[in-house]
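S.K.: Sequence first, predicted model second:
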Amino acid sequence: MLRARVVGSVWSTKRLPEIPSGAFLEVEVEPGTRLIAFDVLGTGIGELVLVSTGSVAAGWFSGQTPPIDALIIGSIDEPTSHE
Amino acid sequence: MLRARVVGSVWSTKRLPEIPSGAFLEVEVEPGTRLIAFDVLGTGIGELVLVSTGSVAAGWFSGQTPPIDALIIGSIDEPTSHE
Amino acid sequence: MLRARVVGSVWSTKRLPEIPSGAFLEVEVEPGTRLIAFDVLGTGIGELVLVSTGSVAAGWFSGQTPPIDALIIGSIDEPTSHE
Amino acid sequence: MLRARVVGSVWSTKRLPEIPSGAFLEVEVEPGTRLIAFDVLGTGIGELVLVSTGSVAAGWFSGQTPPIDALIIGSIDEPTSHE
Amino acid sequence: MLRARVVGSVWSTKRLPEIPSGAFLEVEVEPGTRLIAFDVLGTGIGELVLVSTGSVAAGWFSGQTPPIDALIIGSIDEPTSHE
């Protein structure tokens, strides 16, 4: 998993209909390295999170797997080493 | 997902017959980092998009999954942090 | 697999309920490159480990695959080349 | 997909028996970044190609999926942006 | 696939029981970039090899797929472009 901080959100009106309910959050893994992760936990901007990437992100959803390749799987309680 | 801007398109006449209907669009994730994503949404050059990569891109297609490893899943309504 | 050293652990109280029993350990692959790997072996901080990433990490778990994309599959007995 | 140019080929006599018929071609994604892609299209050295990576490459083959993680899925007709 | 040279091996006594018979070999893709690949071909140190990564590595094994994300699929007969 990646350890990242939520820095924003994006909206997409024109999109594939198979995208489930949830939010697209922009997360920063390290300065300058960002990606968009899907969130179903109600995560807020500024939170430090764990992000799973690849097919395991899509595999979390029940039914037909959506085209989602990054999922926030939890918020980190406290940093332990850096940051 | 990657946040990227569509910068061009490519055509491939000599290709595997399993490639579905759609367009190969060149997208730029950050200056100097480009990849080719498949598009089924009619996305135009200059649009800011969300790109899913890996097997979830192929898994979106019904029937036998095509050898597509990057798919535009939506256009971003407005940038929220950088760019 | 990645060869990495365990440098810390993270806790996540607010998380997806599908995450199995085990620990989230922060590992360092090389100076400055860290990721969070799931551990079911009772690995301690400071140990040198093998980390498998991607869907094979989730596939190790029996039953429904959890949204885990990095798994410690073993501790390395002795370094053989660098470090 | 990656946009890459074919720069050579490699032969492997001692190999897993599950590798199907085809060629291992070395492709250059950008100066200094090369990988080996499997080719079933009869692609020649110097051609500009689209390469799909990961499990979708293996998934293209019928029957048992071979341990192939990069596949040339087409030749690009003409460059549109750079090169 | 990655083209890499075998530079060492690692042993892991404390490991998941699902890891099959074979060797963990350390390979160098380019100066400074190393990973651990699983070997079932009896590859020796110094050999130039093809490494497949991701779920296709695990998928090569029959029965339940082990948590292996990099597999040596062959030895390269002769270099054709660089090195």
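M.R.: Structure received. Just so it is clear, the structure is predicted and the values come from calculations on it, not from any experiment. Residues are numbered from 1 along each chain as shown, chains lettered A, B, ... in the order given.

S.K.: Which pLDDT value belongs to A:Gly32?
M.R.: pLDDT recorded at A:Gly32 is 89.

S.K.: Now do the residue in chain A that chain E sits nearest to against chain D, distance only.
M.R.: Nearest residue of chain A to chain E, counting by CB to the nearest CB: A:Ser55, 7.7 Å away. (C-beta placed from N, C-alpha, C; glycine too.) Per CB to the nearest CB, to the nearest Å, A:Ser55 is found 8 Å from chain D.

S.K.: Correct me if wrong, but A:Val56 is in a helix.
M.R.: Yes. When the secondary structure is assigned by DSSP: H, G, I helix; E, B strand; the rest coil, A:Val56 falls within a helix.

S.K.: quick one: pLDDT of A:Glu78?
M.R.: Per the predicted model, pLDDT is 61 at A:Glu78.

S.K.: on that earlier part again, so what's the residue count around the residue of chain A closest to chain E?
M.R.: When neighbours are defined as other CB atoms under 10 Å in any protein chain shown, A:Ser55 has 27 of them.

S.K.: Pick out the residue of chain A closest to chain C.
M.R.: Residue nearest to chain C within chain A: A:Gly74 (2.9 Å; CB to the nearest CB).

S.K.: ok, back up a step: could I get the contacting residues of the residue of chain A closest to chain E?
M.R.: The contact partners of A:Ser55, taken as CB atoms under 8 Å, 6 or more residues apart in numbering or on different chains, are A:Thr65, A:Asp69, B:Gly54, B:Ser55, B:Val56, B:Gly59, C:Gly54, C:Ser55, D:Ser55, E:Ser55.

S.K.: Hmm, A:Gly54 and the first one touching each other?
M.R.: By that I understand A:Thr65. No. Assessed by CB atoms under 8 Å, A:Thr65 is found out of contact with A:Gly54, at 11.7 Å.

S.K.: more crowded one of those two?
M.R.: Per other CB under 10 Å, whichever of A:Thr65 and A:Gly54 has more neighbours is A:Gly54, with 25 against 18.

S.K.: how about that one, what does it touch?
M.R.: When the contact criterion is CB under 8 Å, 6+ apart, the partners of A:Gly54 are A:Asp69, B:Gly54, B:Ser55, B:Val56, C:Gly54, C:Ser55, C:Asp69.

S.K.: And it, how close does it get to A:Leu35?
M.R.: 12 Å (CB to CB, to the nearest Å).

S.K.: Just give me the neighbour total for the residue of chain A found nearest chain B.
M.R.: Closest to chain B within chain A is A:Arg15: 2.9 Å, counting by CB to the nearest CB. By the other CB under 10 Å criterion, the neighbourhood of A:Arg15 contains 19 residues.

S.K.: Which pLDDT value goes with it?
M.R.: The pLDDT attached to A:Arg15 in the predicted structure is 97.

S.K.: residue contacts, the closest residue to it other than its chain neighbours?
M.R.: For A:Arg15, the nearest residue in space outside its immediate sequence neighbours is B:Gly74; the separation is 2.9 Å by CB to CB, 6 or more residues apart in numbering or on different chains. B:Gly74 makes contacts with A:Ser12, A:Lys14, A:Arg15, A:Leu16, A:Ile19, B:Leu41, B:Val49, B:Leu50, as judged by CB under 8 Å, 6+ apart.
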